[in-house]
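In: With the input below, show me the fold.
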Amino acid sequence: MKFLENIINKADSLINPEQNSFEVVQGAQMELIRRAGGDEFAGTWIDANSARFRELIDDPNNNFVERLVNENTREDALNEIQTKLYH
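Out: Predicted coordinates for the structure are as follows:
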């Protein structure tokens, strides 16, 4: 799990408004995997949630990419994605 934590910490430290959406989305997905249990659950999480995760991110009504880029709304956006994924 240390490897995943290092990647998440690196991604979190680099988030800024100029960051492209792929990196933002990738960082969010890695954070959600970390919350679900980390490296040992990564494959299971991706199999179970990646399609729904992409649907949520791609839905313009959610405005998730913009919210994930903004450090003031990032945590709320992650929590909302997590709630929508699991309910």
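
In: Where does the prediction get shaky in this structure?
Out: Applying pLDDT under 70 to the chain picks out residues 1-4, 6-19.

In: in it, which spans are helices?
Out: Ranges of helices within the chain are 2-14, 21-36, 42-58, 64-69, 74-86, based on DSSP state H.

In: which residues touch the residue nearest the centre of the chain?
Out: By CA atoms, centre = their mean, the chain has its centre lying nearest to A28, at 1.5 Å. With contact taken as CB atoms under 8 Å, 6 or more residues apart in numbering, A28 is in contact with I57, F64, L68, A77, L78, I81. Every C-beta, even on glycine, is put in place using the N, C-alpha and C of the backbone.

In: before we move on, the earlier item: any idea which of the helices of the chain is most buried?
Out: Mean neighbour count (mean count of other CB atoms under 10 Å) peaks for helix 64-69 among these, with a mean of 20.

In: From the chain's centroid, how far away is that helix?
Out: Put simply, helix 64-69 sits 10 Å off its chain's centre (CA atoms, centre = their mean, to the nearest Å).

In: helices or strands next to that helix in the packing?
Out: helix 21-36, helix 42-58, helix 74-86 (3 or more CB pairs under 8 Å, 6 or more residues apart in numbering; DSSP states H and E).

In: Redo those helices as CSV? Include distance to E5.
Out: Output for those, formatted as CSV (distance: least, CB to CB, whole Å):
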stretch, distance to E5
helix 21-36, 7
helix 42-58, 12
helix 74-86, 16
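
In: still on that earlier bit, and the contacts of A28, which two are the farthest apart?
Out: The largest separation in those, counting by CB to CB, is between I57 and L78 at 11.7 Å.
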